[in-house]
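Novice: Have a look at this prediction, sequence included:
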Amino acid sequence: MGDIKEVYLDYQSSKPVDPRVIDGMLPYFHERFGNASALHRVGDVATEALEESRRAIADYINADHDEIIFTSGATEANNMALIGYALKNKRKGNHIIISEVEHISIRNIAKYLEREGFDVSRVPVDKYGRVVLRKLERRIRDNTILISVQNANNEIGTIQPIAEVGKLAEEKGIAFHTDAVAAEGLLPIDVKRAGVHLMSLSSNDFYGPRGIGVLYMKKRYRVNPILIGGGQERGLRSGTEDIAGIVGMKLAVEIMKREMPGEVDRLQGYRDRLINTVLDEIPDSYLNGHPTERLASNAHFRFDGVEGEAMLLSFKDKGISVSTGSACTSKTLEPSHTLIATGLIHEEAHGSLQLTPGRFNEDNDIDRVLEVLPEVLTRIRGMSPIYNPKSR
Ligand code: PMP
């Protein structure tokens, strides 16, 4: 690595914890170590911190404090939302609808529910990865109990029409869950405006600690607990609360609330520079995802005649961390289900590169990537038996 500065452009897969968050968490590991279930003063300090965090997070998403359940992250919140709601409501019906581009946690929970006797429909998306409302509506049946559509896609950054999905769900009397992880800190999240009944959040996507998340559960949309034990979180999520982590999530949300407008503008500037330069200067390059309805931090490309893995490794050699898609599915050699759902063939999906800048990037990180990318592509394409330049 020598003296070359490492450049990190994979904020979608993991974010550093903001140092201001770490500072605020530290007292909760030692001086304020109490258990929120204990009735003495040390316990009271923990309870106060817990409830203050609950109020701050509720406030951020325009919910009431008693609609917030702390979990170990979005995976657990997604499990509670889908499995917990399905079990609680199985007498009303056994049909669930998800989109074809959900995060792997939702996809695998849906498969689990199918094995347990539930019926799952998967709604197709258009070529930009947006859920097609007409097709969603056609899949609704008398026994549909739950619809789950992400707020935005974690790979290609496409923003979903969740307010329209919420309206449809409300009209049909069906519960609506959204996995809002990819949109955190990038889009305003208002559960009332979006008509959301259940929502999953993860602290790290706000630059908070890992291992903490939230399930928002609107009153009257109750779920069965999936972790049974001492009855914390009103019996819905047992286990001693991680007060330090929960305080960390609150601090992260507060910073985000104050800084989001400036941060989003800055990220959008990086994104647009990446997209415009690549599409203008690199032959046979294409943008994946929606041209305008996309997250401010997401630039996702595909290049003819190039393997995504080869690009990633070439960037790695130069000290630049990028991604070919979702880190959560990088262990499978399958092409991204999201790209396939948008209509790409396997070879096209395999030639993709995801660049997601974040809070700690600087202008010269973007300069460096744009300097290295043409070299990397020329070299890989020069060795490729399948690259057949179209635009020369
Ligand atoms: N949903 C989405 C859209 C994600 O990107 C992730 C991963 N960050 C998860 C759910 C799972 O979150 P966690 O790792 O906090 O359980």
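Specialist: Now that the structure is in, tell me what you want to look at.

Novice: OK, contacts around Arg220?
Specialist: Not one residue lies near Arg220 by Cβ atoms under 8 Å, 6 or more residues apart in numbering. Bear in mind the C-beta positions are built from the backbone N, C-alpha and C, glycine included.

Novice: does it count as helix, strand or coil?
Specialist: Of the three states, Arg220 takes coil under DSSP: H, G, I helix; E, B strand; the rest coil.

Novice: Is it correct that Ser121 falls within a strand?
Specialist: Yes. The assignment for Ser121 (three-state DSSP) places it in a strand.

Novice: And it, how far from the ligand?
Specialist: Note on Ser121: its distance to the ligand, by Cβ to the nearest ligand atom, to the nearest Å, is 20 Å.

Novice: Repeat that for Glu100.
Specialist: From Glu100 to the ligand the distance is 14 Å (Cβ to the nearest ligand atom).

Novice: Once you drop chain neighbours, what's closest to that residue?
Specialist: Ala341 (4.1 Å; Cβ to Cβ, 6 or more residues apart in numbering).

Novice: Would you confirm that the one you found contacts Gly129?
Specialist: Yes. When contacts are counted by Cβ atoms under 8 Å, Ala341 is listed as touching Gly129 (6.9 Å).

Novice: Compare the two and say which is more crowded by neighbours.
Specialist: Gly129 (28 against 22; other Cβ atoms under 10 Å).

Novice: what's near enough to touch the more buried one?
Specialist: By Cβ under 8 Å, 6+ apart, the contact list for Gly129 reads 101, 153, 156, 158, 288-290, 338, 341-342.

Novice: now do 7 Å
Specialist: Neighbour list for Gly129: 101, 153, 156, 158, 289-290, 338, 341-342 [criterion: Cβ atoms under 7 Å, 6 or more residues apart in numbering].

Novice: In helices, which of those appear?
Specialist: 338, 341 (DSSP state H).

Novice: Okay, strands next: where are they in the stretch 51-200 of the chain?
Specialist: According to DSSP state E, counting those that start in this stretch, the stretch 51-200 of the chain carries its strands in the segments 68-71, 95-99, 119-123, 144-148, 175-179, 198-202.

Novice: Now mean pLDDT too, for the ones you listed, in TSV please.
Specialist: TSV is the format used below for the strands of the stretch 51-200 of the chain (pLDDT from 0 to 100):
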stretch	mean pLDDT
strand 68-71	98
strand 95-99	98
strand 119-123	98
strand 144-148	98
strand 175-179	98
strand 198-202	98
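
Novice: Dump the ones you listed into TSV; add distance to Lys316 and mean neighbour count as well.
Specialist: Shown next, in TSV, are those (distance: least, Cβ to Cβ, whole Å; neighbours: other Cβ atoms under 10 Å):
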stretch	distance to Lys316	mean neighbour count
strand 68-71	33	25
strand 95-99	32	25
strand 119-123	34	18
strand 144-148	35	24
strand 175-179	29	28
strand 198-202	26	28
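
Novice: how about the helices of the stretch 51-200 of the chain, start to end?
Specialist: Assigned helices in the stretch 51-200 of the chain, in chain order: 74-79, 85-88, 104-115, 133-139, 162-172, 191-194 (criterion: DSSP state H, counting those that start in this stretch).

Novice: Number of residues surrounding Ala163?
Specialist: Look at Ala163: counted by other Cβ under 10 Å, it has 13 neighbours.
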